[in-house]
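>>> For reference, the sequence and a predicted model appear below.
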Amino acid sequence: MRAASLKLLALQVLVAVVAIGIWHVGSSVPIAGKYFLPEFFFSTPLDVFQRVVKLFVSGEIWRHLWITLTETLLAFVIGSAGGVAIGFWFARQPLIAAVFDPYVKMVNALPRVVLAPIFMLWLGLGIWSKVALGVTLVFFVVFFNVYQGVKEVSPVVLSNARMMGMTERQLFRHVYWPSALSWMFSSLHTSVGFALVGAVVGEYLGSAAGLGYLIHEAEGVFDVTGVFAGMFILSAFVLVIDWLVTLVERRLLVWRPQAAVGQT
Amino acid sequence: MRAASLKLLALQVLVAVVAIGIWHVGSSVPIAGKYFLPEFFFSTPLDVFQRVVKLFVSGEIWRHLWITLTETLLAFVIGSAGGVAIGFWFARQPLIAAVFDPYVKMVNALPRVVLAPIFMLWLGLGIWSKVALGVTLVFFVVFFNVYQGVKEVSPVVLSNARMMGMTERQLFRHVYWPSALSWMFSSLHTSVGFALVGAVVGEYLGSAAGLGYLIHEAEGVFDVTGVFAGMFILSAFVLVIDWLVTLVERRLLVWRPQAAVGQT
Amino acid sequence: MEMAARREPSRPSAEPESAATAVRLDGVKVSFVIRGAAVFDAVAPTSFEVREGEFVSIVGPTGCGKSTLLNVTAGLLKPSAGHVEIFGERLAGLNRKSGYLFQQDALMPWKTALDNVAIALEVHGTPRKEALEAARGWMGRVGLARFCERYAHELSGGQRKRVGLAQVLIRRPRILLMDEPFGPLDAQTRQIMGNLLLGLWAEDRKAVMFVTHDLEEAIALSDRVVIMSAGPDARVIGDHPIDLARPRDAAEIRLDPKFHALHKRIWDQLREEVAKTYEEGAR
Amino acid sequence: MEMAARREPSRPSAEPESAATAVRLDGVKVSFVIRGAAVFDAVAPTSFEVREGEFVSIVGPTGCGKSTLLNVTAGLLKPSAGHVEIFGERLAGLNRKSGYLFQQDALMPWKTALDNVAIALEVHGTPRKEALEAARGWMGRVGLARFCERYAHELSGGQRKRVGLAQVLIRRPRILLMDEPFGPLDAQTRQIMGNLLLGLWAEDRKAVMFVTHDLEEAIALSDRVVIMSAGPDARVIGDHPIDLARPRDAAEIRLDPKFHALHKRIWDQLREEVAKTYEEGAR
Amino acid sequence: SAQGLEKPSITLGGGEKPLLYYLPLTLAERLGHFKEQGLTVEVQDFGGGAKSLQALVGGSVDAVTGAYEHTIRMQAKGQDVRAVIDLGRYPGVVLAVRKDKADAIKSVADLKGAKIGVTAPGSSTFILAQYLMTKAGLDPKSASFIGVGGGASAVAAMQKGEIDAISHLEPVITKLESLDAIKVLVDTRTTKGTMDTFGASNPAAVLYLKKEFIDANPKTVQALVNAFAKTLKWLQSATPEQVADAVPEPYWLGDKALYLKALAASRDTYSPDGTIDPASMKSMLDLLTATDPQLDAGSIDLAKTFDGSFLKNASVK
Ligand SMILES: Nc1ncnc2c1ncn2[C@@H]1O[C@H](COP(=O)(O)OP(=O)(O)OP(=O)(O)O)[C@@H](O)[C@H]1O
Ligand SMILES: Nc1ncnc2c1ncn2[C@@H]1O[C@H](COP(=O)(O)OP(=O)(O)OP(=O)(O)O)[C@@H](O)[C@H]1O
Ligand SMILES: [Mg+2]
Ligand SMILES: [Mg+2]
């Protein structure tokens, strides 16, 4: 166990080292007179690293990070709660699902960037307009998966539960919900990233703080190092949220058969 | 059958009528001196309708539509093919999956808007940079679902197939693939919309034609009617693609138990 | 066990001694439409009654429509023609007065064995603690006291079936529908479970519809054995009252000479039927 | 059928008459780790052999570890201690020389019954058309000629089991692992299927490991009946050679007086064991 | 003079603050001119000028530093939005061609069939390019306009040869010049270039607000104008070095020399006094009507686009 996870970590670090190595070489060693990853567009790993350190040391980053974190979490929680609720509702009300089906799909296809001014109109410039943007991304991913997850419930288990005399609410709690969980978690892994993307894009389109603001500001002055540093912090940070999701997932899905001991 | 689908259609139309009604009233009847949906931000249904008609009648729209359609389809096909391939690969190679897991999640959390300049640098201003943007959205949705779908294969069916002597390739074709199909289709319904969003956002950020370009142009001169007309065409158009996906889905999933005849 | 009985709210304490009809199938016909195209007439119009307190076994060749009839009685499948009456009332929707032990595994995989049994009571308002206690009793009764914390995939086939049995019995429904409940059990465990079932049944006059492939078991347990013909268009072709004395012991009754006479009579009818299915199928 | 036989490439045409060992379990012990915590010793170290051409039945109380032993032999489960040899070679990974009929439903739900059977040949390179033809023959042999185009959920329990049987037999593996293959079948169909199996087995000296709860069936079909004790820590506690003459008819053999003597002897041992499980479980 | 401000806390919208276009705003903030007036100003950064205007109309921000043209367009849409002080008197837009096309495209008249990069369709760079073509007797439809965005993507588009010409702003132009990638055709950063093009100055960045807001908060608006007027005055006398030191270091484009160069090139565009004369209003209207046929010039009352009264009262110490 110990050894296996050490090996895994070593391999992960190796991947990072290789990727950074390619980046370094691409941005500082010219091949046939041309840089594969010109510094103007890609900065260099060392610069980015120094910038990240500087951001943290100067303490400047915390305020931005905190705002973006709040937005991301709110978008994630609201979007997935909404997706789960509406997903279940639609799955249990086939008529409603059929009627609204085309509209859901239409709304899902609207470019969020265009919607930004409307969100600002309704929700102001604070965090809520960014949260709304994230929600529109997260919601659909979760919604479609939960909807499908509920429809995939084993018919025998369902019949058994109904014969047991379960009410619709009890069915939800004891059958549909646990059965749709693995679908839901699959969608949550996608949505964590999307919640963050929504928040950052929202900040990018209009804000006074947050990681998206930092990146936007850096972009306007060709400060690629700043852009990459921002993106780096961003992604480090999504890993933390995803890790929390995975913890919850493990806890809720303990009943699943694991790869059996010594299963070949 | 006939009657049921007529009723459904009627209800769908009703929803549209109600929504447009609210829009109309909100944008043209002041409530307590304020418009609920100010024309400056929402235009009016009639104007939008007229603009859509005009766009089609003048024939101006076709070129843009064609470009966006191409981008969307390419993004959809490439993104989902990639998601399926990598999803399967990771699901079958737990070590690779474990090693790359954090990186996949990091990349998924990068705001696509920020990546746009890099795509343009690598892929130019033609359709491919837009396709790339769409691909980065579609890929992750499909990937996570296929990955999960493969892991959800019934262990007994899998053991049976292995005992039958199936090679890894045959397992893929006869077991993993069909079993993950419903997961895949669930993700495809989300991704159709995302492919379009990617294409439009790409056009929005830099292009010479396409629906996103039209919308952006309209936005630059505060022509909300134009923006809404563009979005309307956009969503009408995603319905067509989604309908095609559903046709394929029906065909491939005929084996599923349908709600039994007269099942209560 | 007493606890469970006390908790079941819909249980009238003093049932009239008259043999009211518990289940009545009236001209029930089931046709399956196969993927919107071909129609398969599984069960021909069938009429059939189970009285209160009666234990009826249904035997018939494989694929004749036994499970289908139970599904119809449970209200899970609407008959293509005819109708079902439960205690004189026409069935629309689910039959809430019966417990159904399915032929297939039907445990909730996300609940432990114990929770799977306890939930059957919790659903009807029993507080969780009481329900767990009662469930623990039942797990013991079906011989699985040590397997309470297992999930379904950690149990053997026969163990899962017994958890299912406990799940159905703990509710003490007035009508019991059982589809090969003892199929994956060894002969001895079958008898123990058979006696358990008989004991419960004797206590409160349940109506039982019991599908089995084991004719001896059918005779040992039942008041009547119903024989179905081979499908498609399966019908009831024999209805044999079993006039063996009660109370019975599922093992000892087999030594009764009357048992053997009955067995031979029914078996002869059945064998003919099965031969027919086989030939039909092979054609 | 002949076609299928011709196609199986790994089949040596002339097997030596010596009784080589087909399956050998050597001190196989299986412990399950339950969710990373408790350890459950299902099977105590067990040694055990099946020779080529030998038909061995395994009986034992429910939950004793019969399916677990078959899983180990199939290479689907690695024993916690000991090892398995197949034709003298130590098994690592999957046992590719055996066919396994699982206790649970294992048909691919996205293929029709016919395709489910045909795929077993296609996998080994038989052209699709030939495979379908052979599969059609096998569907007839298991009495399901009219159900070729059905999906699994459109079949009854017994029908699904028979499709599974055809799926395993069509490949003609050298070792057959069968877990309650005739469980959900009626008595008559059981005998027909039993005779089918015996016929095939006689043809090409398969080694068979046959798990059943029906002792009569075990005796009627086997060369040896192995009795397992109740789990946990189940062991082989009896190994009874069945010296009834071959060829046998699965139905008629039961009338043989020798059959009854054997039955009684084995049954007495078994009954004691089952009583033990039950008490253990209830504790 | 903090006393009596109706609304001492102001939310102010801008496009991309680090751009030179918004330099007066940054300076006013950094030099403490708002604070002197008793104002607390929160600057909101938007993805583009259009978005900050939308925020103004929607009520999320109180004032905007943005394009003067917006006040005209809003009048056409029935929104009363007024400029109170001019910050940039010239558009600052440069039309340039790629170096290797410089032989083929010698003037605007040669742009026929070219691919022209602009910041975004509908934006000021887009309109100016179209205007120049119209003036040169070309149909704007004879060239294709490609939105290349700001920042690095615009540079990438030019470097990769995706576009033949570019109509863009600082710092992209200076960056491209320093890369020796372009040759300038029309330069509206300078007085000469602007006069040649429009015959008058052509107001670009202004501070504008809603009429209602101006009426309700005259003292606040006055304070704002005071702050900006002071900044403009400071800017007139400051050396590029002083300016560079006043802005945050990240604004330096990662290269102070480059920044100083860009600053020097844009020097002229900043308004010395903050007023807008009728001629330059007219030149802007001409520009708009030339490129947007839907805009009805007759219905526009240019006097209502600029309210100079605050500027007159501005007490610049
Ligand atoms: N969903 C379905 N669609 C089509 N045919 C079906 C469906 N379900 C069952 N059948 C058919 O109906 C007949 C009766 O099925 P049923 O499951 O009732 O048989 P059974 O008597 O329970 O058999 P067994 O003893 O094998 O369980 C079978 O021939 C079966 O193929
Ligand atoms: N994955 C598992 N985890 C923990 N315990 C298990 C697991 N699989 C089986 N067991 C236990 O191992 C024992 C043997 O199981 P097995 O399935 O081999 O029994 P069996 O003899 O086939 O019984 P049956 O006749 O009921 O099918 C049982 O007590 C069972 O609970
Ligand atoms: Mg059945
Ligand atoms: Mg078993």
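It's in. Ligands and ions are numbered 1, 2, ... in the order given.

>>> Point out the other helices and strands that the longest helix seen in chain A packs with.
Secondary structure of chain A per DSSP state H: the longest helix is helix A:60-92. Helices and strands touching helix A:60-92, by 3 or more C-beta pairs under 8 Å, 6 or more residues apart in numbering or on different chains; DSSP states H and E, are helix A:94-108, helix A:127-151, helix A:177-205, helix A:211-220, helix A:224-252. Where C-beta positions appear, they are placed from N, C-alpha and C, glycine not excepted.

>>> can those helices go into JSON lines with extra columns for mean pLDDT, mean neighbour count and distance to residue B:127?
Formatted as JSON lines, those follow (pLDDT from 0 to 100; neighbours: other C-beta atoms under 10 Å in any protein chain shown; distance: least, C-beta to C-beta, whole Å):
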{"stretch": "helix A:94-108", "mean pLDDT": "85", "mean neighbour count": "17", "distance to residue B:127": "22"}
{"stretch": "helix A:127-151", "mean pLDDT": "87", "mean neighbour count": "26", "distance to residue B:127": "24"}
{"stretch": "helix A:177-205", "mean pLDDT": "84", "mean neighbour count": "27", "distance to residue B:127": "22"}
{"stretch": "helix A:211-220", "mean pLDDT": "79", "mean neighbour count": "26", "distance to residue B:127": "23"}
{"stretch": "helix A:224-252", "mean pLDDT": "85", "mean neighbour count": "18", "distance to residue B:127": "25"}
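
>>> pLDDT of the longest helix of chain A, averaged?
Regarding helix A:60-92, the rounded mean pLDDT is 89.

>>> tell me which residues of that helix are tucked away?
Using 16 or more other C-beta atoms under 10 Å in any protein chain shown as the test for burial, helix A:60-92 gives A:61, A:64-65, A:67-69, A:71-76, A:78-80, A:82-84, A:86-88, A:90-91.

>>> Kindly report the same for stretch C:83-97.
So for stretch C:83-97, counting by 16+ other C-beta under 10 Å, buried means C:84, C:86, C:91, C:95, C:96, C:97.

>>> Endpoints of it, how far apart?
17 Å (C-alpha to C-alpha, to the nearest Å).

>>> Now do it, average pLDDT.
Mean predicted confidence for stretch C:83-97 is 87.

>>> and residue A:15, that one's in a strand?
No - Residue A:15: not assigned to a strand; according to DSSP: H, G, I helix; E, B strand; the rest coil it is helix.

>>> what sits against it?
Going by C-beta atoms under 8 Å, 6 or more residues apart in numbering or on different chains, residue A:15 touches B:99, B:100, B:103.

>>> Name the nearest residue to the first one, ignoring sequence neighbours.
Using C-beta to C-beta, 6 or more residues apart in numbering or on different chains and skipping the chain neighbours, the partner closest in space to residue B:99 is residue A:11 (4.6 Å).

>>> I'd guessed the one you found sits against residue B:101; true?
No - checked against C-beta atoms under 8 Å, the pair residue A:11 and residue B:101 is beyond contact range at 11.0 Å.

>>> Could you pull out the helices in chain E for me?
E:23-30, E:33-36, E:49-58, E:69-76, E:124-135, E:151-159, E:172-178, E:191-198, E:211-216, E:218-237, E:240-246, E:256-266, E:278-291, E:309-313.
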